[in-house]
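>>> I'd like to go over a predicted model; first the sequence, then the structure.
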Amino acid sequence: MTVCHGGAVQWDIAQWGYDLDFGHLLAITAPNGGGIQIGMILTSTLTQATLKNNLDWHTLGYGVLLLQTNYNTLIDDDFFNNSPDPFFNTYTSSGFSMSEMDLSIPHTNSDFSNTILLAFAIGGLDWSGEFVSEWYGWIEFGYTIKDGVYIANSGVETTGLGIYAGTGNAVPEPSTVLLAMSGGTILLLRRRKRKITP
């Protein structure tokens, strides 16, 4: 599959913080500048931290699907459609629809080899009540006793077609693929023509 680097991905779009009124918060910024905040309950031990969504607090606006994933897994419609039920949070005219999520983050090694990746889809409900994704992305979480839970990296694609977890490789729009293929074909034909000409 063709991938696109750089321009189709926005970096550092997730923030982890604490609010005196609401507690721990996970904030995800959408490519258009909107976003969502999810209240989280944090418990920790010497070996791991566990995040659970706070069903009493979340923002209005976008809905989000969240599901733990592995490095370089393609996050797109198929990923969420073919996975066990992800954590779901969306806002409708009748209020929030949410499911519970537990996310365990092991104590991070000194080489950061055991951080975890959380895939997400940002979108909303269509006229039939089905969740429709607008963008896909990932968040890399780590945990140490010294630093607590932290976000090591995060990215979201801007094409609406998908992104590979933990990378800046986004699935490009079809027009971008066609343009790249036609340019490559023209260069190949010009090169062959030069070889034939004495």
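Structure's in. What do you need?
>>> strands of the protein, start to end?
Using DSSP state E, the strands assigned to the chain run over residues 9-11, 14-19, 23-29, 35-44, 48-58, 63-69, 74-75, 87-92, 95-98, 102-106, 116-125, 131-144, 148-157, 163-164.
>>> where in this structure is pLDDT low?
Per-residue confidence of the chain (counting by pLDDT under 70) places the weak regions at 1-7, 55-61, 85-99, 111-112, 173-198.
>>> need the residue closest to the centroid of it.
Taking CA atoms, centre = their mean, the centroid of the chain lies closest to G137, which sits 1.9 Å from it.
>>> name whatever forms a beta bridge with that one.
Beta-bridge pairing of G137, defined through DSSP bridges, involves F120, V156.
>>> before we move on, the earlier item: which one of the strands of the chain is the most hemmed in?
Each of the strands of the chain was given a mean neighbour count from mean count of other CB atoms under 10 Å, and the largest, a mean of 26, is that of strand 163-164. Placement of C-beta: from N, CA and C, glycine included.
>>> now that strand: how far from the chain's centre is it?
With CA atoms, centre = their mean, to the nearest Å as the basis, the distance from the averaged C-alpha position of strand 163-164 to the chain average is 8 Å.
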